[in-house]
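**Q** Structure for the following, please:
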Amino acid sequence: SSVSRDLLHWSCAPKEFCVPPASYYRRRRDPFVFWIPEMKRYGCVMTTWMKDSGPKETEGALSLATSPDLRKWTDHGAIIHPGDMNEPECPQMFTLGGRWYVLASIHQGHGEKGGVGKPSYWMSTSPLGPWPRKPSGALDGGHNCAAQVALDGKTPLLFGWIPLKPSLGGKQKGWGGHLAIPREIYTLPDGSLGCRPAPRLSRRLAELPWR
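**A** Numbers count the residues shown, from 1 in each chain. Okay, the predicted model is just below:
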């Protein structure tokens, strides 16, 4: 982890800022830190590979830790661990319309149908769960890779990258490529999420000379 006072100059963070290790996982990575208003605590959701339970192709999970000050952390362990999922990469947790969502890209391995995985999401009423074992839905296909949500004011926008070379014939999908046109994320009456081109951007694209 790293720290900065101006977001320009960075240094290694003191050890006290690290989420403490635990015995249940073999690897944790891709930490995402966010604020939980109802708990008045920070959360940190992480891609997790569970320990002593099988290969990462089936023992992927998402774990959560919370902290009042980013220094003293309480580890809540794996909040999503179905037992048949590869590592869910680049997770995010956010709230929309009174519900909580986890967004992640479940890795699909290599080969023709492999790759980083489509942006899948789980839905709950609380960051601590209960969370469903299976994703509640997906926001796009498998070629919108490692998608993340950012806020344009109050509008959540989904960004991901499109690989230059698909993972065909057993070859690994190359990292990097074009940034996907951002999608606006919105909630449906049952809490599920929809995805559409951002209206303001769509108007601008319509004005461009395409060829």
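
**Q** tell me how far the longest strand along the chain is from the chain's mean position?
**A** Using DSSP state E to define each element, the chain has its longest strand at strand 25-36. Centre-to-centre, strand 25-36 and its host chain are 10 Å apart (C-alpha atoms, centre = their mean, to the nearest Å).

**Q** Next, the angle strand 25-36 makes with the next helix-or-strand element following it.
**A** Using DSSP states H and E, the helix or strand that follows strand 25-36 in sequence is strand 41-50. Computed by axes from the mean of the first three to the mean of the last three C-alpha atoms, to 10 degrees, the angle separating strand 41-50 from strand 25-36 equals 160 degrees.

**Q** got the CA positions of the longest strand of the chain in PDB?
**A** Provided in PDB are the C-alpha atoms of strand 25-36 (Å, rounded to 0.1, in the frame of the first residue of the first chain):
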ATOM      1  CA  TYR A  25      -6.600 -17.400   2.300                       C
ATOM      2  CA  ARG A  26      -3.700 -18.200   0.100                       C
ATOM      3  CA  ARG A  27      -3.700 -14.800  -1.700                       C
ATOM      4  CA  ARG A  28      -5.500 -11.500  -1.500                       C
ATOM      5  CA  ARG A  29      -5.100  -8.800  -4.100                       C
ATOM      6  CA  ASP A  30      -6.900  -6.000  -5.900                       C
ATOM      7  CA  PRO A  31      -7.900  -4.000  -2.800                       C
ATOM      8  CA  PHE A  32     -10.700  -1.400  -3.200                       C
ATOM      9  CA  VAL A  33     -11.300   1.000  -0.400                       C
ATOM     10  CA  PHE A  34     -14.700   2.800   0.000                       C
ATOM     11  CA  TRP A  35     -16.800   4.500   2.600                       C
ATOM     12  CA  ILE A  36     -19.800   2.800   4.300                       C
END
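
**Q** Parallel or antiparallel, which strands does it pair with?
**A** strand 41-50 (antiparallel) (DSSP bridges).

**Q** In the partner strand, which residues are buried?
**A** Neighbour-count burial for strand 41-50 flags 41, 42, 43, 44, 45, 46, 47, 48, 49, 50 (criterion: 16 or more other C-beta atoms under 10 Å). No exception for glycine: its C-beta is placed from N, CA and C like everyone else's.

**Q** possible to save those as TSV with pLDDT and distance to residue 68?
**A** Listed next are the buried residues of strand 41-50 as TSV, based on pLDDT from 0 to 100; distance: C-beta to C-beta, whole Å:
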residue	pLDDT	distance to residue 68
41	97	5
42	97	7
43	97	11
44	97	13
45	97	17
46	97	19
47	96	24
48	95	23
49	94	28
50	94	27
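
**Q** Just flag the most distant two among those residues.
**A** Spatial extent of the buried residues of strand 41-50 (C-beta to C-beta) is set by the pair 41 and 49 at 25.3 Å.

**Q** Next, name the residue at the spatial heart of this protein.
**A** Central residue of the chain (C-alpha atoms, centre = their mean): residue 91, 2.1 Å from the mean position.

**Q** so who does it touch?
**A** Going by C-beta atoms under 8 Å, 6 or more residues apart in numbering, residue 91 touches 30, 32, 45, 46, 47, 62, 102, 103, 104.
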